[in-house]
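Enquirer: Sequence and computational prediction follow.
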Amino acid sequence: MIDNYIEKHKEELIQKTQELIQIPSVISNSDNPQQPFGKPIHDALAYMLKLGKSLGFRTKNIDGYCGYIEFGEGKELIGIIGHLDVVPEGADWKYPPFSATLADNKIYGRGAIDDKGPVISSLYAMKAVMDTCQIHKRVRLILGLNEENDWKCMAYYKKHEELPTIGFSPDADFPCIYSEKAILTCYLKMDYSAFLTKDIIIKEINTNANPINVVPKICSIILKINSPKIKMKDFIQHLKNIIEKTNFEIDIYKIDEEEIKLTSHGVPSHAAHPETGINAISRLIIVLTKIFNLYEISISLFDFFTTYINTQYGGENLAINFEDKSGKLTLNVGDFYFKNNILQIGLNLRIPVTMNMLEIGNSFMKHTSPYLDIDFDTISYKPALYISKENRLVKTLCDVYNKETHSNLEPIAIGGATYARAFDNCISFGANFPGDKDMCHQTNEFIAVDKLLLSCKIYAKAILALDALD
């Protein structure tokens, strides 16, 4: 009955997914207290609440920080926690990133798989259950608006609203997630003032506002020749030689006889699996270290980087090789910053669940201590999530997936962070399918129409299974 219901609403499911993707809900500055994350994100929330109300659900806007869509009666609350904000669109898309183009049986657009497609899939799963079945618990789709940044939306929700009794977040992979790595965001920084009189100086760095949880696609720097001893022609030739030997994709633009611009190109991917991308910042720093050292200029931040990090792709942190059942320790170089004579490199680490956070901090302190002008600052830390594979929530959702897809898969661990961490008795559940390339945060992000429908059916069965739990 549920499957037929969802099939009958296929075109509506596609249309609503497209309409939501077409809202460019990237975080922006806002002076409006009712739109704390900017108007586009507020517009996405308003769209979802209006849609939910039109479908017959109860809805609530929680002071612009988040919202929910709910049905059912009863004391217990099943939570489905998704998010409406997206990372910036990036460049070089096959179709405009907010066009939600339907082609090759796929819906292309920023947020298609992270997390707008799964949110719409979850909503229509709720609608199918509400219209065809009798359940004994309430079901609430919680709509977060700040997942790609610092989760202020979830903090606000937890302070003002009822917490789910049990639930899932449709923001990762099937069959289901029993473990998510800890996440550390930190910066290595140094005062560059003493280098302003050197023969070559840094004028400007631009990462195109790359989010630190994304492997950067592009990074550029402007260098100035600050000495008559160095001829621009010779400087360019040295750069060409270095770039040729590294085989990196880095363009050289001569601005005038004193200034030159280098633009490094990479391949974006999610920081949870940086090895699938190519890091434009890392490659640029490697080349910069070589050219500065060639002219006998030693910038300690760069020297430290190339000695202990030096990752073009993903990689381990500071020569620590650590791996457990949740995966390897990985590192993404997500930010490169120069302002007010402060030079900074931003790092995003995904830390296995059994690894001690103190070990990471001690390693940074140990290896930076010889470089007296380098500071290490922790910006944020999200503890790991771990739930036993034998936990009834894990087993229930995994069984739902396996039954619906005729599979026999085990729960998995990931490096990403989902809203499952925000609540007790909650795990991630879809919507990426096993074997499919994870397009989260990538150029030409998409969700396949058949997978959108299949995930909707799985989520509907999951609601029924969670409702049946004592």
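Expert: Structure's in. What do you need?

Enquirer: Please tell me how far residue 208 sits from residue 51.
Expert: Residue 208 sits 33 Å away from residue 51, taking Cβ to Cβ, to the nearest Å as the criterion. All C-beta atoms are positioned from the backbone trio N, CA, C, and that covers glycine.

Enquirer: For these two, indicate the residue with more neighbours.
Expert: Between residue 208 and residue 51, counting by other Cβ atoms under 10 Å, residue 51 is the more crowded of the two (17 against 13).

Enquirer: Need the per-residue pLDDT for residue 125.
Expert: For residue 125, the model assigns a pLDDT of 98.

Enquirer: oh, and call the first residue 516 from now on, that's how I've got it
Expert: In the new numbering, first residue 516, that becomes residue 640.

Enquirer: Can you give me the buried ones in the strand or helix carrying it?
Expert: Assigned by DSSP states H and E, residue 640 belongs to helix 632-647. Neighbour-count burial for helix 632-647, counted by 16 or more other Cβ atoms under 10 Å, picks out 632-645.

Enquirer: any idea which helix or strand comes after that helix?
Expert: Taking DSSP H and E, what comes next after helix 632-647 is strand 653-659.

Enquirer: Now the element after that next one, going C-ward?
Expert: For strand 653-659, the succeeding helix or strand toward the C-terminus, using DSSP H and E, is helix 667-675.

Enquirer: Kindly check the end-to-end length of stretch 540-556 for me.
Expert: One end of stretch 540-556 sits 4 Å from the other (Cα to Cα, to the nearest Å).

Enquirer: for the stretch 516-665 of the chain, what spans make up the strands?
Expert: Secondary structure of the stretch 516-665 of the chain (DSSP state E, counting those that start in this stretch): strands located at 573-577, 581-586, 592-598, 617-618, 621-623, 653-659.

Enquirer: Correction: the previous question concerned the stretch 766-915 of the chain.
Expert: Listed in chain order, the strands of the stretch 766-915 of the chain (DSSP E, counting those that start in this stretch) span residues 774-780, 838-839, 842-843, 845-854, 857-866, 889-897, 900-901.

Enquirer: Return the list of helices and strands in contact with the fifth one.
Expert: Strand 857-866 is packed against strand 697-706, helix 815-823, strand 845-854, helix 872-883, with contacts defined by 3 or more Cβ pairs under 8 Å, 6 or more residues apart in numbering; DSSP states H and E.

Enquirer: For the second one, buried residues please.
Expert: What it means is helix 815-823. 815-821, 823.

Enquirer: Run the angle between that helix and strand 697-706 for me.
Expert: Here helix 815-823 points in a direction 140 degrees away from that of strand 697-706 (axes from the mean of the first three to the mean of the last three Cα atoms, to 10 degrees).

Enquirer: tilt between helix 815-823 and strand 889-897?
Expert: Per the same axes, to 10 degrees, the angle that helix 815-823 makes with strand 889-897 is 60 degrees.

Enquirer: what does the first one give?
Expert: On the basis of the same axes, to 10 degrees, strand 697-706 is oriented at 160 degrees to strand 889-897.

Enquirer: Which positions within strand 697-706 qualify as buried?
Expert: Neighbour-count burial for strand 697-706, counted by 16+ other Cβ under 10 Å, picks out 697-705.

Enquirer: do stretch 719-727 as well
Expert: For stretch 719-727, the neighbour count (16+ other Cβ under 10 Å) marks 720-722, 725-727 as buried.

Enquirer: Ok, stretch 598-611 next?
Expert: By 16+ other Cβ under 10 Å, the buried positions in stretch 598-611 come out as 598-605, 608.

Enquirer: can you give me how far it is from the chain middle?
Expert: Here stretch 598-611 is found 12 Å from its chain centre; the criterion is Cα atoms, centre = their mean, to the nearest Å.

Enquirer: Restrict it to CA atoms and write it as CSV.
Expert: The C-alpha coordinates for stretch 598-611 follow below in CSV (Å, rounded to 0.1, in the frame of the first residue of the first chain):
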residue,chain,number,x,y,z
HIS,A,598,19.0,20.3,7.2
LEU,A,599,18.1,22.9,4.6
ASP,A,600,21.3,24.8,4.4
VAL,A,601,23.9,24.0,1.8
VAL,A,602,27.6,24.7,1.1
PRO,A,603,28.4,27.3,-1.6
GLU,A,604,27.8,26.2,-5.1
GLY,A,605,31.4,26.1,-6.4
ALA,A,606,32.3,26.3,-10.0
ASP,A,607,32.3,24.4,-13.3
TRP,A,608,28.9,22.8,-13.0
LYS,A,609,27.3,21.0,-15.9
TYR,A,610,24.0,22.7,-15.1
PRO,A,611,23.5,25.8,-13.0
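
Enquirer: got any ranges where this protein has weak pLDDT?
Expert: Within the chain, the ranges that satisfy pLDDT under 70 run 825-836.

Enquirer: Name the single longest helix found in it.
Expert: When the chain is parsed with DSSP state H, its longest helix is helix 964-983.

Enquirer: which secondary structure elements does that helix contact?
Expert: Partner elements for helix 964-983 (3+ Cβ pairs under 8 Å, 6+ apart): helix 517-523, helix 525-536, strand 592-598, strand 621-623, helix 632-647, strand 681-684, helix 907-920, strand 946-947.

Enquirer: In TSV: these, plus distance to residue 800.
Expert: Output for the helices and strands packed on helix 964-983, formatted as TSV (distance: least, Cβ to Cβ, whole Å):
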stretch	distance to residue 800
helix 517-523	49
helix 525-536	35
strand 592-598	32
strand 621-623	33
helix 632-647	36
strand 681-684	35
helix 907-920	41
strand 946-947	31
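
Enquirer: Could you say which one of the ones you listed comes nearest to residue 844?
Expert: Smallest distance to residue 844 across those (Cβ to Cβ): 22.4 Å, for strand 946-947.

Enquirer: which residues sit against that closest one?
Expert: When contacts are defined by Cβ atoms under 8 Å, 6 or more residues apart in numbering, strand 946-947 is touched by residues 628, 632-633, 636, 685-689, 953, 955, 962, 966-967, 970.
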